[in-house]
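Participant: just need the structure, nothing else, for what follows:
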Amino acid sequence: MAIIAPSILSADFANLERDIRDIENNGADWVHVDVMDGNFVPNISIGIPVVKALRPVTSLPLDVHLMIDRPGRYVEEFVKAGADWLTVHLEADQPQNILDCLDRIHALGCKAAVSLKPKTPAEAAIPYLANCDMVLVMTVEPGFGGQKFMADMMPKVKKLRQLLDERNPACLIEVDGGVDGETCRVCKQSGAQVLVAGSAYFKAPDRAAFVKTVQA
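Facilitator: Residues are numbered from 1 along each chain as shown. Now for the predicted structure:
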């Protein structure tokens, strides 16, 4: 059964508490929080104060995705704010600094993940796989919600599953971007276990039914 993590990037920010409670009430598993700095990606979203404000609102794990340059500057603050999972992009800093991020995240008692942009090959993740609890594959260019799913990323997911089975079998694979009631199938078939859905979840006429479709 897949884990579904609705992304609050597509939520109503004027009614964020309501939408967070809605995610929990409709049977979703995690809350996905997209953090963007306007530099690593061409958009600015939310930051540490919002994560801290969300923590008392839900008992669901907060899956915080840092789309920011040099994420090591902020990992401690995001963990203290309430992140349960913290993802950094391997493209966002030098390899040793990313490895250091993963170690620091773990030392703070949080689950650690790396993310790959669409143009980054699966093999680029090899140096980090032994240190990860999850690998996030972007199936759109990071920065904006509502983009079309990139099906050509599925061979990357399959390759990562193969690499992880050899090096770190317990590590999860997450897919983020364009996931809906149809594309979720090929994601799961390719080896993804965690599926992020933003606009598809919030625009669904029956959100609880949508959650069940993705989880099945």
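
Participant: just the helices in the chain please.
Facilitator: 16-25, 48-54, 75-81, 95-107, 154-167, 183-190, 199-202, 207-215 (DSSP state H).

Participant: for the longest one, packing partners?
Facilitator: What it means is helix 154-167. With contacts taken as 3 or more Cβ pairs under 8 Å, 6 or more residues apart in numbering; DSSP states H and E, helix 154-167 sits against strand 134-138, strand 172-176, helix 183-190. C-beta here means a position set from N, CA and C on the backbone, and glycine is covered the same way.

Participant: burial-wise, tell me which of the ones you listed comes out on top.
Facilitator: strand 134-138 (a mean of 26; mean count of other Cβ atoms under 10 Å).

Participant: looking at the helices and strands packed on helix 154-167, which is nearest to Ala2?
Facilitator: Between Ala2 and the helices and strands packed on helix 154-167, the tightest spacing by Cβ to Cβ is seen for helix 183-190, at 5.6 Å.

Participant: quick one: residues in contact with that closest one.
Facilitator: Where contact means Cβ atoms under 8 Å, 6 or more residues apart in numbering, the residues beyond helix 183-190 that reach it are 2, 139, 149, 151, 154-155, 157-158, 161, 175, 179, 195, 197, 213-214.

Participant: quick one, which of those are buried?
Facilitator: In the contacts of helix 183-190, burial by neighbour count holds for 2, 139, 149, 154, 157-158, 161, 175, 179, 195, 197, 213-214, counting by 16 or more other Cβ atoms under 10 Å.

Participant: pipe the helices and strands packed on helix 154-167 into CSV and attach distance to Leu86 and mean pLDDT per row.
Facilitator: Below are the helices and strands packed on helix 154-167 laid out as CSV (distance: least, Cβ to Cβ, whole Å; pLDDT from 0 to 100):
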stretch, distance to Leu86, mean pLDDT
strand 134-138, 10, 98
strand 172-176, 12, 98
helix 183-190, 22, 97
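
Participant: Lys159 and Ala124 touch, don't they?
Facilitator: No - Lys159 sits out of contact with Ala124 when judged by Cβ atoms under 8 Å, with a separation of 11.0 Å.

Participant: neighbours of Val211, just the number please.
Facilitator: 20 (other Cβ atoms under 10 Å).

Participant: report the beta-bridge partners for the spatially most central residue of the chain.
Facilitator: Per Cα atoms, centre = their mean, the C-alpha nearest to the average position across the chain is that of His65, at 5.2 Å. Using DSSP bridges, the bridge partners assigned to His65 are Asp34, Thr87.

Participant: for it, what are its contacts?
Facilitator: 32-35, 87, 115, 136, 176.

Participant: which of the residues you listed are buried?
Facilitator: Judged by 16+ other Cβ under 10 Å, buried ones among the contacts of His65: 32-35, 87, 115, 136, 176.

Participant: can you give me the buried ones in stretch 156-168?
Facilitator: 156-161, 163-164, 168.

Participant: from the chain's centroid, how far away is it?
Facilitator: Its chain's average C-alpha position is 18 Å from that of stretch 156-168, according to Cα atoms, centre = their mean, to the nearest Å.
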